[in-house]
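Engineer: Got a predicted structure here, sequence first:
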Amino acid sequence: MIIVDDVTTVFRLALSVLLGGIIGFERQHRGKSAGLRTHTLVSLGSCLVAVLSINVYATVEGHTNADPARLAAQVISGIGFLGAGAIMKEGVNIKGLTTAASLWVVASVGLAVGFGALVGAIATTVLVMGVLEIVPLINKYSAKSLPLAVTLSILSEDYSGQIGRIGSCLGDLGIKIIQIQIEDAENGKVMIPVTIELQDKQKIEKILAELAKINGVISIEQEAH
């Protein structure tokens with residue numbers, strides 16, 4: 001194995017900074033926890049480790065059974081600790097998974113540059129940017145075009161035929177009912193969870209207003225799926 005000379009080393013380090021910075025800038029632009037500096041440093045450090053792996057192995061080649069990939073393997077496994085720091089749990093939602101994944105990919109890009117796989121590193125950077133920029137647009141379009149399932153938890157007086165009145169109200173509004181049931185609540189009240197299919201998110205206010213007019217309805221809580 002040939003030792004990576006100083007000029008090539010500097011070029012590869014600079015390229016790793018550029019590629020890592022491109023991905024990091026996108027993350028920072030979106031206000032994510034790990035941005036330009038973090039991604040750049042991860043890519044740079046990974047590149048340096050790869051270059052060191054090559055040079056160290058080249059100096060001992062034939063004198064030992066050392067594995068030049070061991071240092072690089074530690075980068076891949078060790079980056080998980082940094083990625084975990086980007087993941088945050090807020091209530092039932094988990095945020096930061098994409099940023100954690102981008103950190104892992106950036107580490108791989110840095111390693112690829114360090115080992116001289118420049119085409120693969122550049123191609124991966126382009127593809128990552130495509131995923132980060134295009135997929136959110138697809139998700140946004142899909143969210144607008146696909147129906148939304150919403151569960152309305154209706155607290156009501158225990159009046160006979162109350163489910164029928166609620167169903168008729170929703171039917172008059174042209175709302176598709178996926179599921180409706182009745183459960184006992186405290187103080188002689190009943191809870192009526194009804195799951196509906198909502199095509200227009202803006203229509204929810206009108207639905208809530210019409211349901212609130214039904215005699216005996218006390219309160220309504222909504223939960224999107």
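Structural biologist: Now that the structure is in, tell me what you want to look at. Bear in mind that the values here come from a model prediction, so they are computed numbers and not experimental data.

Engineer: how about residue 32, secondary structure?
Structural biologist: Look at residue 32: counting by DSSP: H, G, I helix; E, B strand; the rest coil, its state is coil.

Engineer: With adjacent residues omitted, what lies nearest to it?
Structural biologist: residue 99 (4.6 Å; C-beta to C-beta, 6 or more residues apart in numbering). Quick note: C-beta positions are derived from backbone N, CA and C, even for glycine.

Engineer: and that neighbour, what helix or strand is that in?
Structural biologist: helix 97-114 (DSSP states H and E).

Engineer: before we move on, the earlier item: what is the neighbour count of the residue nearest to residue 32?
Structural biologist: For residue 99, the neighbour count with other C-beta atoms under 10 Å is 24.

Engineer: pull the longest helix from this structure.
Structural biologist: helix 118-145 (DSSP state H).

Engineer: ok now that helix, how far from the chain's centre?
Structural biologist: 12 Å (C-alpha atoms, centre = their mean, to the nearest Å).

Engineer: partner strands of the next helix or strand after it, parallel or antiparallel?
Structural biologist: Going down the chain from helix 118-145, the next helix or strand is strand 148-157, by DSSP H and E. Sheet partners assigned to strand 148-157 using DSSP bridges are listed as strand 189-198 (antiparallel), strand 217-224 (antiparallel).

Engineer: Residues contacting the last one, please?
Structural biologist: What it means is strand 217-224. Contacts with strand 217-224, where a contact means C-beta atoms under 8 Å, 6 or more residues apart in numbering, come from 148-157, 166, 189, 204, 208, 211-212.

Engineer: With stretch 106-120 instead?
Structural biologist: 4, 12, 15-16, 19-20, 23-24, 39, 42-51, 53-54, 72, 75-76, 79, 121, 124-125, 128.

Engineer: Name only those of these that count as buried.
Structural biologist: 4, 12, 15-16, 19-20, 23-24, 39, 42-51, 53-54, 72, 75, 79, 121, 124-125, 128 (16 or more other C-beta atoms under 10 Å).

Engineer: Which of those fall in strands?
Structural biologist: Applying DSSP state E to those, no entry is found in strands.

Engineer: Could you list which of these belong to helices?
Structural biologist: 12, 15-16, 19-20, 23-24, 39, 42-51, 53-54, 72, 75, 79, 121, 124-125, 128.

Engineer: Return the residues in contact with the residue nearest to residue 32.
Structural biologist: 27, 32, 33, 34, 83, 86.
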